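Asks: Fold the following, please.
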Amino acid sequence: QVQLQESGPGLVKPSQTLSLTCTVSGGSITTNYWSWIRQPPGKGLEWMGAITYSGSTYYKPSLKSRTSISRDTSKNQFTLQLSSVTPEDTAVYYCARGEVFTTDAAGYDYWGQGTQVTVSS
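Replies: Below is the predicted model:
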C-alpha cells in the first residue's frame, strides 16, 4: 500500500517561498509520476506540477515561473517550492501518485491527506 505524507509550515508570509515535502512509503519515487495538487478555499483541485520516475519535471504554465519540484531518492521524498507567494496561494496542498502522466487530478490514485498552507502577514 502506497502512502504519502505532506509536511511543511502551515503559515507563510507574503513574498516568501512556500516549501513542502512529501514522504512516500510502500513504493519508490523512481517509478510512476508524482505531483503536487492544491485546492484553494471554495475552489476546485488545481494540478501544479509533477516529477517523473526519471526525475523530469513538468509545471502548470501559469505557475512555472514560481514553482520548483525536486526529489531525494535516498529519502524517497519529493519537494515543492513556490516562490513569491500571495494570499491567493492559500490552499490545502496535496501530493499524489499517478501511474501515467496527467494534469487531471482525477488521474491520481494515491494521495496524501493534505496540508493547509495559509499565506498571511
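Asks: So what's the residue count around residue 26?
Replies: By the criterion of other C-beta atoms under 10 Å, residue 26 has 10 neighbours. In short, each C-beta sits where N, CA and C put it, glycine included.
Asks: do residue 21 as well
Replies: Residue 21 has 16 nearby residues by other C-beta under 10 Å.
Asks: Does it touch residue 76 like I think?
Replies: No: counting by C-beta atoms under 8 Å, residue 21 stays clear of residue 76, with 10.9 Å between them.
Asks: ok so residue 16 is a helix residue?
Replies: No: applying DSSP: H, G, I helix; E, B strand; the rest coil, one finds residue 16 to be coil, outside a helix.
Asks: Excluding covalently adjacent residues, which one is nearest to it?
Replies: residue 85 (6.1 Å; C-beta to C-beta, 6 or more residues apart in numbering).
Asks: so the residue nearest in space to the middle of the chain is in which element?
Replies: What sits nearest the mean C-alpha location of the chain, by C-alpha atoms, centre = their mean, is residue 36, with 2.3 Å. In the assignment (DSSP states H and E), residue 36 maps to strand 33-39.
Asks: packing partners for that strand?
Replies: For strand 33-39, the elements it packs on are strand 18-25, strand 46-52, strand 91-98, judged by 3 or more C-beta pairs under 8 Å, 6 or more residues apart in numbering; DSSP states H and E.
Asks: wait, doesn't residue 27 sit right on residue 97?
Replies: Yes: contact status for residue 27 versus residue 97: in contact at 7.0 Å, counting by C-beta under 8 Å.
Asks: which residues does the most far-flung residue of the chain relative to its centre contact?
Replies: Using C-alpha atoms, centre = their mean, the residue of the chain lying farthest from its centre is residue 121. It sits 22.8 Å away. Residue 121 sits next to 13-14 when contact means C-beta atoms under 8 Å, 6 or more residues apart in numbering.
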